[in-house]
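[1] Sharing a model prediction with you, sequence too.
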Amino acid sequence: METMIKFITESPDEVMGKFIGYFASLEHQESEFKASGMNSHLHLIGFVETDPNSEEDKKEIYHCV
């Protein structure tokens, strides 16, 4: 899962924007619905670089909220 976090936050492709900081945690929950019994998933809060004067950035900010 660390590879996924690194790809999202550090990729030169800036998949979700240019990250300036983030908090991430991997959670494992027991699940009666999965054959393996475990449900692993990622929680990621990211802070991306934006320009408050850019109309394009404003559209992206409000689109994601």
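    Okay, I see it.

[2] Distance-wise, check residue 17 relative to residue 29.
    With distances taken as C-beta to C-beta, to the nearest Å, residue 17 is found 29 Å from residue 29. From N, CA and C alone the C-beta is placed, and that goes for glycine too.

[3] Show me what counts as buried in stretch 2-10.
    5, 8, 9 (16 or more other C-beta atoms under 10 Å).

[4] wait, residue 46 sits on residue 18?
    No - counting by C-beta atoms under 8 Å, residue 46 sits too far from residue 18 to count as a contact (10.1 Å).

[5] Can you pick out the residue with more neighbours from the two?
    For residue 46 and residue 18, the more surrounded residue by other C-beta atoms under 10 Å is residue 46, and the numbers stand at 15 against 11.

[6] Is the more buried one within a helix or a strand, and which one?
    Assessed by DSSP states H and E, residue 46 sits inside strand 38-48.

[7] partners of that strand, with directions?
    Note on strand 38-48: by DSSP bridges, its sheet partners are strand 19-30 (antiparallel).

[8] Check which residues of the partner strand are buried.
    Quick answer for strand 19-30 (16+ other C-beta under 10 Å): 19, 24.

[9] That strand - what's its average pLDDT?
    Rounded to a whole number, the mean pLDDT of strand 19-30 is 85.

[10] do the same with stretch 50-65
    Stretch 50-65 comes out at a mean pLDDT of 67.

[11] before we move on, what about stretch 2-10?
    Throughout stretch 2-10, pLDDT has a mean value of 84.
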